[in-house]
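S.K.: sequence and predicted model, in that order:
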Amino acid sequence: DQQVKQNSPSLSVQEGRISILNCDYTNSMFDYFLWYKKYPAEGPTFLISISSIKDKNEDGRFTVFLNKSAKHLSLHIVPSQPGDSAVYFCAASEGTYKYIFGTGTRLKVLA
Amino acid sequence: GAGVSQSPRYKVAKRGQDVALRCDPISGHVSLFWYQQALGQGPEFLTYFQNEAQLDKSGLPSDRFFAERPEGSVSTLKIQRTQQEDSAVYLCASSQIYSEKLFFGSGTQLSVL
């Protein structure tokens, strides 16, 4: 039973447009949510996080939105750049260390 | 160090062989994690250390898996009597205590034939 789900395995977006990556979760006790980016042959790299007491967190071109009632979070990348092409994982935890990852969404930004 | 270092980068083992995977975390990071990533899946939690103490090993798939961090820095994940289903990328991550920002190594890709 997957507690964190990324239902879109892949997404293609034109350079300069907005990329929206979605993530759903089932455990209402999760209190930290994170997005990681992964390039081939590298480990995941932390991108942005949000705690359950907030509904939005912004860092440059990246914004994460959290909708607790829908148990849904999304990552917005504006504007999208070719270097953003990677696999994006969302993750959630109840507490400070046991992060549950989704299966990832492969983003391709077309030049 | 500059980042989390894992070795070997690739490991091919015959079924039944024992393997040891090494992780050098970022200097000063108290927390250390091991994750297993199967092909096409997200990383799955295996175990968590705070300094030398293994606080959670609930994700270890079987008693063939063993992890240690005896001096609170370098960690080793050992898999005994490897099976084909153990084939995966094993990721190590470290962080400052209670930080959600995990720093991952590049992983060890284990193939069991």
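M.R.: Structure received.
S.K.: buried sites along stretch A:18-33?
M.R.: A:19-25, A:30, A:32-33 (16 or more other CB atoms under 10 Å in any protein chain shown). C-betas here are computed from N, CA, C, even on glycine.
S.K.: OK, contacts around the residue most central in space within chain B?
M.R.: Chain B has B:Trp34 as the residue nearest its centroid, 3.5 Å off, counting by CA atoms, centre = their mean. B:Trp34 is in contact with B:23, B:46-47, B:67, B:75, B:77, B:90-92, counting by CB atoms under 8 Å, 6 or more residues apart in numbering or on different chains.
S.K.: which one of those is nearest to chain A?
M.R.: Closest approach to chain A among the contacts of B:Trp34 (CB to the nearest CB): B:Leu91, at 5.6 Å.
S.K.: these two touch, right, the closest one and B:Tyr35?
M.R.: Yes. Using CB atoms under 8 Å, B:Leu91 makes contact with B:Tyr35 at a distance of 4.3 Å.
S.K.: re the thing from before, out of the contacts of B:Trp34, which is most surrounded?
M.R.: B:Cys92 (29 neighbours; other CB atoms under 10 Å in any protein chain shown).
S.K.: do the helix or strand hosting that one and chain A meet?
M.R.: Element membership for B:Cys92, per DSSP states H and E: strand B:88-95. Yes. Counting by CB under 8 Å from any CB of the partner chain, chain A has neighbours in strand B:88-95: B:91, B:93.
S.K.: enumerate the residues of chain A near chain B.
M.R.: Near chain B, when you scan chain A using CB under 8 Å from any CB, you find A:4, A:6, A:32, A:34, A:36, A:41-46, A:49, A:89, A:91, A:93, A:96-104.
S.K.: show me those residues that map onto strands.
M.R.: Of the positions in the residues of chain A next to chain B, A:4, A:32, A:34, A:36, A:45-46, A:49, A:89, A:91, A:93, A:99-101 sit in strands, assigned by DSSP state E.
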